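> Sequence first, predicted coordinates after that:
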Amino acid sequence: MPLSWIYGAVMWVRNKLFDLGVLRQVEFEVPVIGVGNLTVGGTGKTPHTEYIVSHLCGSYKVAVLSRGYKRKTRGFIVANSKSTPDSIGDEPWQIYNKFGMMAKVAVCENRRKGISELIRLYPDLDLIVLDDSFQHRWVKPRISVLLMEYGRPVYKDRLLPLGRLRESAHEINRADKVIVTKCPESLSPIDFRIVTKELDLMKFQKLYFSRYVYDSLKPVFPDECRFTVNLGSFTEKDSILLLTGIAHPHYFVRHYRQYPCRKKVEHFPDHHDFSRGDIHRIAEKFRVMKGERKVIITTEKDAVRLVHNPYFPQDLKPYIFYQPIRVDFVAGTYEQDNSLVTDLISELHLDSSADAPTPASRSDMDSQSGQPAYGAPYDADDAADDNIAGDGISDDYNDYRSTYSDRNAADIDDYADTPDRDFGSESHRNSNFNHED
């Protein structure tokens, strides 16, 4: 508790200095949309960034700027065909892999410098989307989009290290738009009213609700894939190994409860760089699993790192698939119309003469497009129309390390309700966070 008080006091003073103009924010002529959150990881920043980019990059000149968390380089870098997750970070690489033909993607630790460089290199940009930017107050975005998990609302959370809040829940008033993410399939009017009342937003703020849609599985190594996977045909005689390296794996794991097949879970820290030993452990676990049919299923963010991993065994490549997800805004939201993209265009005063923005097609951008049924030949055109959005989450807390609590371990355990589940060693449950001032 005292640590949370100290941390909260420091953040309060920092925010007050910005509010009073002692610490000066920079606002750029090119509109900047900031996407961020108040909590440590797991709210869905990357999928929502991709949602915004996908709906705007077909009609406007868009750039995305990220810090490039856990990359092995420094400075300002514009992504290109030679970029890798090591050089620009897994989430920027994921975004570039999808939208690189239609939007610029860059990374830089210094966001002000990064934006200035983008404007210098591409003076005709219409807007810049700044990923994970809510705490980076040195840049003043034209529109600030704040994300909050439906299952982990900020009004029920506490400041670090007691809770997961990076700063006080009252700072939500700095946001122009608040999106409640990862909502369940159906929400009743009373659910909307409860969240709306609890948040108690200002009149100028607009509230949206979104959820994830899970698309068909896709191969991590499409050139090696020999079959497609239809989990609906799996029975209790079949098995899947769920491989995760994300902040909150229980949402991912919970999705597979609907299938009767046996499940095991291998969980690693967020943004984990898989070592030779990690890959050996995964391979051995998969090989000893029983099942007439068995596959490995991972998240899209983890697939980005695995596809570049030199240690992944050749004989396992046909059996590993990733789960594409995309953002869908919940219809019928209480007193809201959910027209996020239309609102952004209107409020940023973008050229209304441009063609109406539509989601960019992934078939021209996704080098991994294609969807492998078990025993059927692989056809790369099967899933060309699928929308993909990663579950990757970038976290900004400098050398802050925490271990998954017993509560979180219990959460994951509840979702993998099979007798042969396995959640890995305690060392796999560490989370790394990094904060940029």
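Looks like it arrived, so ask away. Worth saying up front: this structure is predicted, and the values here are computed from it rather than measured. Residues are numbered from 1 along each chain as shown.

> How many neighbouring residues does residue 29 have?
8 (other CB atoms under 10 Å). C-beta here means a position set from N, CA and C on the backbone, and glycine is covered the same way.

> Name the SS class of it, please.
Of the three states, residue 29 takes coil under DSSP: H, G, I helix; E, B strand; the rest coil.

> Which phi and psi values does residue 62 adopt?
Main-chain dihedrals, residue 62, degrees, to the nearest 10: phi -120, psi 140.

> Kindly report the same for residue 226.
phi -120, psi 0.

> other SSEs contacting the longest strand belonging to the chain?
Secondary structure of the chain per DSSP state E: the longest strand is strand 206-214. Strand 206-214 is packed against strand 177-181, helix 189-199, strand 325-329, with contacts defined by 3 or more CB pairs under 8 Å, 6 or more residues apart in numbering; DSSP states H and E.

> What strands flank that strand, and is each parallel or antiparallel?
Sheet pairing here is set by DSSP bridges, and for strand 206-214 it gives strand 177-181 (parallel), strand 325-329 (antiparallel).

> Average pLDDT for that strand, rounded please.
For strand 206-214, the mean per-residue pLDDT is 94.

> Figure out how far the following helix or strand past it is from the centre of its chain.
Sequence-wise, the next helix or strand downstream of strand 206-214 (DSSP states H and E) is strand 218-219. With CA atoms, centre = their mean, to the nearest Å as the basis, strand 218-219 stands 18 Å off its chain's centre.

> Kindly report the same for stretch 313-328.
Distance of stretch 313-328 from its chain centroid, counting by CA atoms, centre = their mean, is 16 Å.

> how far does that stretch stretch from start to finish?
Length of stretch 313-328, first residue to last, CA to CA, to the nearest Å: 36 Å.

> what's the answer for stretch 295-310, then?
20 Å.

> model confidence over that stretch, on average?
Here the average pLDDT along stretch 295-310 is 94.

> what pLDDT does residue 397 get?
30.

> returning to that earlier point: how about TSV for the strands paired with strand 206-214, with distance to residue 25 and mean neighbour count added?
Listed next are those as TSV, based on distance: least, CB to CB, whole Å; neighbours: other CB atoms under 10 Å:
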stretch	distance to residue 25	mean neighbour count
strand 177-181	19	23
strand 325-329	28	20
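
> mean pLDDT lowest for which of those strands?
Minimum mean pLDDT among the strands paired with strand 206-214: strand 325-329, a mean of 93.

> Next, give phi and psi for residue 316.
As for residue 316, its main-chain torsions (degrees, to the nearest 10) stand at phi -100, psi -10.

> what are the ranges of the helices in the stretch 201-350 of the chain?
250-254, 276-288, 300-306, 340-348 (DSSP state H, counting those that start in this stretch).

> Tell me which of these sits most buried.
Most buried of the helices of the stretch 201-350 of the chain by mean neighbour count (mean count of other CB atoms under 10 Å) is helix 300-306; its value is a mean of 25.

> Quick one: list the elements packing against it.
Applying 3+ CB pairs under 8 Å, 6+ apart, one finds that helix 300-306 contacts helix 90-99, strand 320-323.

> export those to a markdown table and tack on mean neighbour count?
Below are these laid out as a markdown table (neighbours: other CB atoms under 10 Å):
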| stretch | mean neighbour count |
| --- | --- |
| helix 90-99 | 26 |
| strand 320-323 | 24 |
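
> Below-threshold pLDDT in the protein: ranges please.
Within the chain, the ranges that satisfy pLDDT under 70 run 1, 332-338, 352-358, 360-437.

> what does the domain assignment say about it?
As given by automatic domain parsing, the domain ranges for the chain are 23-214+327-348, 218-323+367-433.

> Would you tell me which of the ones you listed gets closest to residue 10?
Across the domains of the chain, residue 10 has its closest neighbour in domain 23-214+327-348 (9.6 Å, CB to CB).

> measure the closest one end to end?
For domain 23-214+327-348, the first-to-last residue distance is 25 Å (CA to CA).

> burial of residue 243, as a residue count?
28.

> Tell me who's in contact with it.
Residues counted as contacts of residue 243 (CB atoms under 8 Å, 6 or more residues apart in numbering) are 266, 268, 282, 296, 297, 298, 302, 320.

> tell me which of those residues is nearest to residue 240?
Of all the contacts of residue 243, residue 240 sits closest to residue 297, with 5.5 Å by CB to CB.

> Quick check, the closest one in contact with residue 322.
Yes - with contact defined as CB atoms under 8 Å, residue 297 reaches residue 322; the gap is 7.2 Å.

> what's in contact with the lengthiest helix in the chain?
The residue-count maximum for a helix in the chain (DSSP state H) belongs to helix 2-19. Contact with helix 2-19 is made by 23, 25, 137, 158-163, 166-168, 171, as judged by CB under 8 Å, 6+ apart.

> One more pass at 6 Å, please.
The contact list for helix 2-19, computed with CB atoms under 6 Å, 6 or more residues apart in numbering, reads 23, 137, 159, 160, 161, 162, 167.

> Report the two of the residues you listed separated the most.
Using CB to CB, the contacts of helix 2-19 span at most 26.4 Å, a distance reached by 23 and 162.

> ok so, going back, nearest to residue 32, out of the helices and strands packed on strand 206-214?
Closest among the helices and strands packed on strand 206-214, once you apply CB to CB, is strand 177-181, at 13.8 Å.

> Can I get that closest one in CSV? Just the C-alpha atoms.
In CSV, the C-alpha atoms belonging to strand 177-181 read as follows (Å, rounded to 0.1, in the frame of the first residue of the first chain):
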residue,chain,number,x,y,z
LYS,A,177,-12.6,8.7,-26.7
VAL,A,178,-12.9,5.7,-24.4
ILE,A,179,-13.2,2.1,-25.8
VAL,A,180,-14.3,-0.7,-23.5
THR,A,181,-12.5,-3.7,-25.1
